[in-house]
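Asker: Sequence and predicted structure, then a few things I'm wondering about:
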Amino acid sequence: MNIALQHIGRTFGREVVFRGVTLELRTGSRTALLGPNGSGKSTLLQVIGGALIPTEGHITHRTGAHTIPQEEVYRHVSIAAPYLGLYEELTLEQAIAFHARFKPLLSGFGVREVARTAYLENALHKQVSHFSSGMKQRLKLALAILSDTPLLLLDEPTSNLDAEAIAWFGAVLEQHIGQRTLVVASNRQTAEYALCTATIEIGAYKG
């Protein structure tokens, strides 16, 4: 997916979160949005993913020669973020199957393959509410990375992961990212954006 941002800004009331963001995210690019907590990187990530409409400027999403309408962008995006929860009343098996109804999985992946990739194959019939924070984060990441969408957004992806799980995340992402457009929001945890070839400092767009 190719994404063009032209003079993008976002405000909440009188607070300017960022403004004047002009950039192009080309198909297959890998970009990190860097800044401390509260800097606006999560807000910009949601604008890029079509979940928030900018209060200034214009954003265009394209796949090939096709321009995607704003209201359809969500169909083409996978995201893992701290503010997006899981359906915790479901079992793992049910949660993966439910997700796959709305976001198709990569070729060769089904419920068991996703669980196996996340090292959760022994918890298929366990309610997600009983998972540890690390297990939930691995599930979020596996669902996002293994969904067949042209845009992948990851917000602080190593949150709640120990060193072994951080290494797992890097390996799974590298193996399955393919030619998708990747944007990672990070407070400079370098393991989160090791695959990124471009960085954007969100602080450069503060008012």
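Answerer: Okay, I see it.
Asker: Can you tell me how far the residue nearest the centre of the chain is from Gly178?
Answerer: By C-alpha atoms, centre = their mean, the mean C-alpha position of the chain lies nearest to Leu153, the distance being 2.2 Å. Applying C-beta to C-beta, to the nearest Å, the value for Leu153 to Gly178 is 15 Å. C-beta coordinates here come from the backbone N, C-alpha and C atoms, glycine included.
Asker: now swap in Ala123 and tell me
Answerer: In terms of C-beta to C-beta, Ala123 sits 27 Å off from Gly178.
Asker: okay, these two: which has more neighbours?
Answerer: Ala123 (18 against 11; other C-beta atoms under 10 Å).
Asker: what's near enough to touch that one?
Answerer: 92, 115, 131, 135 (C-beta atoms under 8 Å, 6 or more residues apart in numbering).
Asker: And it, its phi and psi?
Answerer: phi -120, psi 20 (degrees, to the nearest 10).
Asker: What ranges does the protein have for its strands?
Answerer: 2-12, 15-25, 30-34, 56-63, 66-68, 77-80, 151-155, 181-186, 198-201 (DSSP state E).
Asker: can you give me the helices in this protein?
Answerer: 41-48, 92-102, 111-117, 133-145, 163-176 (DSSP state H).
Asker: Who are the packing partners of the second one?
Answerer: The contact analysis (3 or more C-beta pairs under 8 Å, 6 or more residues apart in numbering; DSSP states H and E) places helix 92-102 against helix 111-117, helix 133-145.
Asker: tell me the most buried of the ones you listed?
Answerer: The highest mean neighbour count among those, using mean count of other C-beta atoms under 10 Å, belongs to helix 133-145: a mean of 21.
Asker: Output the helices and strands packed on helix 92-102 in TSV, with distance to Ala198 appended to each entry.
Answerer: Formatted as TSV, the helices and strands packed on helix 92-102 follow (distance: least, C-beta to C-beta, whole Å):
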stretch	distance to Ala198
helix 111-117	27
helix 133-145	20
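Asker: Now mean pLDDT and distance to Phe169 too, for these, in JSON lines please.
Answerer: Shown next, in JSON lines, are the helices and strands packed on helix 92-102 (pLDDT from 0 to 100; distance: least, C-beta to C-beta, whole Å):
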{"stretch": "helix 111-117", "mean pLDDT": "98", "distance to Phe169": "11"}
{"stretch": "helix 133-145", "mean pLDDT": "98", "distance to Phe169": "6"}
